[in-house]
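Participant: Here is my input; please provide its structure:
(one chain, ligands or ions: 1)
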Amino acid sequence: MDVFDQIHEAHHEQVVFCHDEESGLDSIIAIHDTTLGPALGGTRMWPYRSADEALIDVLRLSEGMTYKAAVADLELGGGKAVIIGDSKRDKTPELLRAHGRFVDTLGGRYITAEDVGIGVEDMEYVYEETKHVTGIRSTPHGSGDPSPVTAYGVYHGIKASCRKKLGTDELKGIRVAVQGAGHVGYHLCENLASEGAVLTICDIDDERVRKVVDDFRATPVDTDAIYDVNCDVFAPCALGAIINDGTLRRLRCSIVAGAANNQLEEDRHGDALDAKGILYAPDYVINAGGLINVYGELVGYGIETAKEKARGIYGTLLSIYDIAEEDGIPTYRAADRLARERIRKAREQKLERPQPVAERA
Ligand code: NAD
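Facilitator: I've put the predicted structure just below:
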């Protein structure tokens, strides 16, 4: 497919191909939509086999960021950057600075952050060249570890899902199987246990499992056994693509609701969950607490305001479940529909607003 065909397909606004001779940087920055605000999304470094593969990824990821910000009701658009290369071998301060200079040329239309292959410490080099960076320590409003806010949002998302599927949002006695006892998993268990939920936990790291077992009286299971646990909620908080042909036939839950990104291996697995009568909380909706936390850096609010905003995930999910029911579509499609609707309304409002003479000239 021709490059412009690819750009037109999902209505991207701007795609910038960058090359820096000195550092060897080859990167692509994609701005999907800025109707709601500047396009925010991380920079990923990955050894793509071709420029086309990198382009497909950056277009897909930036579009996803638009939807994520829109359903989280943030004044942000969607963007993403990819650097082509092996982060273990090719990443240098010069390359990161060169990336920062390209980000800066966009004048704040694109704001970056860390992502796969690019850590907080790498972002410090990017920040030397542009102020349009979030999620680092040295900015005046650095928001720190987003996991507690993410977990808090997931907790409220689980409550909303229980209300829809089980008729109550009280979690006392509700059985939740949590996959992954990392940053988000641990804090999620803390929230769930505080309300009396009954927890099952697994992780490849035994130390992390032990901590959740000791702190919240969770039952440990082997990592592969988590899919077979008879429970109300399966909460994936470790890996992507864990809803797939292999796991789908094993799940014995009523709800899938967790923090992990890209839980559906393919869209059709979202259809299959729906067909099995399992309620799926779309991942990018329920895990938006991290983005909400980062957004706080831009508008200058702290953790309590971020948590308050993350509580909104409860109502957003209920709206999505209503759309899914009314339109007879799976929830992951209903989430996209809600996002598009919010953007469409914002675009119409912008058009209705009279423009200042200087802008019309
Ligand atoms: P983390 O690395 O702190 O935790 C992940 C945990 O999963 C680790 O303890 C790891 O040992 C465990 N794990 C790895 N493979 C496993 C397996 N096969 N079975 C069971 N456990 C396994 O990461 P995190 O920050 O807690 O994020 C968890 C997920 O949530 C990721 O998919 C992440 O992309 C997503 N997410 C996180 C945030 C955030 O604020 N941290 C925000 C949005 C989405």
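Participant: what sits up against stretch 265-284?
Facilitator: In this structure, residues lying in contact with stretch 265-284 by C-beta atoms under 8 Å, 6 or more residues apart in numbering are 64, 67-68, 71, 157-158, 160-161, 164-165, 241-245, 248, 251, 253-264, 317, 320-321, 324, 330-335. Bear in mind the C-beta positions are built from the backbone N, C-alpha and C, glycine included.
Participant: of those residues, list those near the ligand.
Facilitator: Filtering the contacts of stretch 265-284 for proximity to the ligand (criterion: C-beta under 6 Å from any ligand atom) leaves 259, 260, 261.
Participant: Against residue 283, how distant is residue 216?
Facilitator: When C-beta to C-beta, to the nearest Å is the yardstick, residue 216 and residue 283 sit 23 Å from each other.
Participant: Settle it for me: which of the two has more neighbours?
Facilitator: Taking other C-beta atoms under 10 Å, residue 216 and residue 283 do not tie; residue 283 has more neighbours (27 against 19).
Participant: pretty sure residue 172 is touching residue 195, no?
Facilitator: Yes: using C-beta atoms under 8 Å, residue 172 makes contact with residue 195 at a distance of 6.2 Å.
Participant: Nearest to the ligand: which residue in the chain?
Facilitator: Taking C-beta to the nearest ligand atom as the measure, the chain has residue 182 as its residue closest to the ligand, at 1.8 Å.
Participant: Near the ligand, which residues of the stretch 101-250 of the chain are found?
Facilitator: Residues of the stretch 101-250 of the chain lying near the ligand (C-beta under 6 Å from any ligand atom): 146-147, 150, 179-185, 202-205, 208, 223, 237-239.
Participant: So which of those are in helices?
Facilitator: Within those, residues falling in helices by DSSP state H are 147, 150, 183, 184, 185, 208.
Participant: higher neighbour count, residue 172 and residue 195?
Facilitator: A side-by-side neighbour count of residue 172 and residue 195, using other C-beta under 10 Å, places residue 195 first with 15 against 9.
Participant: Quick check on the more buried one: phi, psi?
Facilitator: When read as degrees, to the nearest 10, the backbone of residue 195 gives phi -110, psi 0.
Participant: Any chance of the ones next to the ligand among the contacts of stretch 265-284 in a markdown table with secondary structure and neighbour count as columns?
Facilitator: Shown next, in a markdown table, are these (DSSP: H, G, I helix; E, B strand; the rest coil; neighbours: other C-beta atoms under 10 Å):
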| residue | secondary structure | neighbour count |
| --- | --- | --- |
| 259 | coil | 29 |
| 260 | coil | 22 |
| 261 | coil | 15 |
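Participant: ok, how many other residues are close to residue 125?
Facilitator: Residue 125, neighbours per other C-beta under 10 Å, totals 21.
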